[in-house]
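Student: Next input, structure requested:
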Amino acid sequence: MLEHVRYITNEQGERVGVLLDMEAYQKLANFLALDSECLNGLSLDELQALADSKLAPASQARLNDLLSENTESRLSADEVAELDHLVAQIDQLTILKTRARYTLNRLQQLAVAS
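Tutor: Numbers count the residues shown, from 1 in each chain. Predicted coordinates for the structure are as follows:
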């Protein structure tokens, strides 16, 4: 791929930009779009924030309470439903966090390859 890359340098010789031929650009532009697990359209900061995200403190406290009550078999039907809902939210958050980390990894691999 290096033959498809030209660097723009400043007066001090530092690389400040990159020019790609169309073929290389298309490969890079479509690389993440073709991977259905990548989260496209997010900035690096947004991906990092998502990868580091946690359950809201109030939800985490409620989850801890429900889990504690559950170990003592003292949950009502509504509380069991609430616990199931919180666990489902955690599962979805875990999937999003994993996809964000995966996308960051793929972007890093692209940066190293070019």
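Student: which residues in the chain form strands?
Tutor: Counting by DSSP state E, the chain has these strands, from start to end: 5-9, 15-20.
Student: List the contacts of the worst-scoring helix or strand of the chain on mean pLDDT.
Tutor: Scoring the helices and strands of the chain by mean pLDDT, DSSP states H and E places helix 22-33 at the bottom, with a mean of 73. Identification of contacts with helix 22-33 by CB atoms under 8 Å, 6 or more residues apart in numbering yields 1, 4-5, 20, 38, 40, 103, 106-107, 110, 114. (Each C-beta comes from the backbone N, C-alpha and C, glycine too.)
Student: What is the lowest-pLDDT residue among those residues?
Tutor: pLDDT is lowest at Met1 among the contacts of helix 22-33; the value there is 44.
Student: domains for the protein, by residue range?
Tutor: Described in terms of automatic domain parsing, the domain architecture of the chain consists of the residue ranges 1-34, 40-114.
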